[in-house]
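Trainee: Have a look; sequence and predicted model below, questions after that.
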Amino acid sequence: MSPSFAAGLLLILASVWAMPARAADLSLAEKIDILVKAYPDTLRNGSGKDVGFVRHARFLPVDDGVARDHLEMIESGDIEDSLRQIYPAGPCEARPEINFDPGRIRSEPLMKLMYGGSSKEVAAQLAPVKWFGETLRVTRVNGVDKALEAVRDELVPRADLRKYLAPSAGVFNWRKVAGQSNLSVHSFGAAIDLNTKYADYWRWSGGKPGHVPVYKNKFPMEIVEIFEKHGFIWGGRWYHYDTMHFEYRPELLEIGRLSGVSACK
């Protein structure tokens, strides 16, 4: 082997080793480890096939063995289902493919065991967060209130963005997702809706599951980037879009980062 060929081979190998893992390269076990580390105050490692809880003496299976289509995963997905689609963060807009809804699939049992199984239980954990002339009720669990305060603090100097941020359409609201049987993340005080004046929502636009109208986003990507920086995913990344909506899902942002997935690629 010539020195020049060997050097070239080493360069190629080095570039391959340096490449971030793609979505397919992250195993379910690795995703579960990321999930647990994202919520250290509430989750702990189980057997590998389940997830444990800091405040509950019980475990929740990662995969319940039920095969579901996309709509069924949206309404009653398990933990494994919730981690299938890789969330693409970044300052760029990207038009998602049909039924690409990363983060819209959630494990309701997981949410209930982390944040509370009833409106009363969740309400007991709510903290006031000042938000551009309003006071929002946000869960303390998993530090969601502190994360939203960090978002606010970065946005305070941006007077040009204020009109998009307030009035807010709210945080805590124990309710089901419109047209579905599963609870909204607003039920757990872990999601915020911004000013509806600039919002696009697939149901308001006359969309049907699997078939939604095209829209032009009105929210500046600087707002999205700041929310993502502090652990919130954006409903504008979903095929079934909800552009005013941000929810606290730091595990999805970390899985996307480690998978080398970006909205700008």
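Mentor: Received it, and whenever you're ready, just let me know what you need.
Trainee: dump the residue contacts of Asn195.
Mentor: Neighbour list for Asn195: 163-169, 244 [criterion: Cβ atoms under 8 Å, 6 or more residues apart in numbering]. Heads up, the C-betas are built off the backbone N, CA and C, glycines and all.
Trainee: can I get these in a markdown table with neighbour count?
Mentor: Converted to a markdown table, these look like this (neighbours: other Cβ atoms under 10 Å):
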| residue | neighbour count |
| --- | --- |
| Lys163 | 13 |
| Tyr164 | 19 |
| Leu165 | 22 |
| Ala166 | 14 |
| Pro167 | 14 |
| Ser168 | 17 |
| Ala169 | 16 |
| Met244 | 23 |
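Trainee: Give me the subset of the residues you listed that lies in strands.
Mentor: The strands in this structure, assigned by DSSP state E, contain none of the contacts of Asn195.
Trainee: For Gly236, give me the pLDDT.
Mentor: For Gly236, the pLDDT comes out at 98.
Trainee: Revised request: answer the last question for Gly256.
Mentor: At Gly256, the model reports a pLDDT of 97.
Trainee: Equivalent analysis for the one 5 residues further on, please.
Mentor: Per-residue confidence for Val261 comes out at a pLDDT of 96.
Trainee: Next one: Tyr248 from Leu28, what distance?
Mentor: Using Cβ to Cβ, to the nearest Å, we find Tyr248 at a distance of 22 Å from Leu28.
Trainee: In terms of neighbours, single out the busier of those two.
Mentor: Between Tyr248 and Leu28, Tyr248 has the larger neighbour count (other Cβ atoms under 10 Å), namely 29 against 15.
Trainee: got the contact list for the more buried one?
Mentor: Contacts of Tyr248 by Cβ under 8 Å, 6+ apart are 142, 144, 147-148, 185, 190-191, 231-232.
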